[in-house]
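Visitor: Sequence plus the predicted model coming up.
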Amino acid sequence: MFKVIQRSVGPASLSLLTFKVYAVPKKDSPPKNSVKVDELSLYSVPKGQSKYVEESRSPLEESISQLRHYCEPYTSWCQETYSQTKPKMQSLVQWGLDSYDYLQNAPPGFFPRLGVIGFAGLIGLFLARGSKIKKLVYPPGFMGLAASLYYPQQAIVFAQVSGER
C-alpha cells in the first residue's frame with residue numbers, strides 16, 4: 001500500500017506515459033469463468049428492426065424556412081455584385097499601394113512641382129467665380145497648363161494621342 005501511495009504523489013507528467021500491467025492470478029483462487037462481450041448489457045443488440053420516423057417541422061423551423069426563401073434573391077444578388085466588384089476593388093487597392101510607394105520614393109523636385117500644379121488649379125477655381133461652366137473648365141485647364149510647363153514631353157504625347165481621337 002505504501003508503494004501505491006508513493007506513485008500517486010509522483011509528478012503529473014508521469015500521467016502522460018503509457019505502460020502495460022501484467023496481472024497473474026493467485027494460485028489458491030478457483031478459476032473464474034470469463035464473460036463474453038455479447039453477454040455484457042452495455043453491448044447488447046436490440047431485438048427487432050428499427051425504423052426512421054421524420055419529425056414534423058416546428059413553427060420556428062417553418063418561419064426560418066420562409067425567411068430564407070424570401071431572402072434568397074437578395075442574397076444571390078449580393079453575391080453576384082460582390083464577385084463583380086471584388087476584382088475592381090483589388091485593382092484599386094493595388095493602385096493605392098503603388099501610389100504610396102511612388103510617393104515614398106518620389107524623384108527629386110516632385111513635391112514642389114505638385115504644389116505648383118495644385119496651386120494653378122486653385123487659381124483657376126478662384127477665377128471661375130460665378131459660372132458653373134467656368135468652374136468645370138478653368139481649374140483643369142490651368143492645372144494642365146502648369147503640368148505641361150514641367151513635363152513638356154508627356155504633354156506632347158498627350159496632345160498627339162488626344163488629336164488622333
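Guide: All right, it came through fine. A quick note: this is a predicted structure, and the numbers were derived from the prediction, not measured. Residues are numbered from 1 along each chain as shown.

Visitor: what about the closest residue to Leu122 other than its chain neighbours, distance to Gln49?
Guide: The shortest distance from Leu122 to any non-neighbouring residue, by C-beta to C-beta, 6 or more residues apart in numbering, is to Pro139 (7.7 Å). Heads up, the C-betas are built off the backbone N, CA and C, glycines and all. For Pro139, the distance to Gln49 equals 86 Å [C-beta to C-beta, to the nearest Å].

Visitor: where does the residue nearest to Leu122 land on pLDDT?
Guide: Listed pLDDT for Pro139 reads 93.

Visitor: try Ser41
Guide: 67.

Visitor: pLDDT below threshold where in this protein?
Guide: Scanning the chain for pLDDT under 70 picks out the ranges 1-32, 37-48.

Visitor: what's the longest helix in it?
Guide: Longest helix of the chain, by residue count under DSSP state H: helix 59-104.

Visitor: Quick check: which element contains Lys135?
Guide: For Lys135, the element it lies in under DSSP states H and E is helix 132-150.

Visitor: related to what we said a few turns ago, give me the distance between the residue nearest to Leu122 and Ala120.
Guide: 8 Å.

Visitor: Leu127 too?
Guide: According to C-beta to C-beta, Leu127 and Ala120 sit 11 Å apart.
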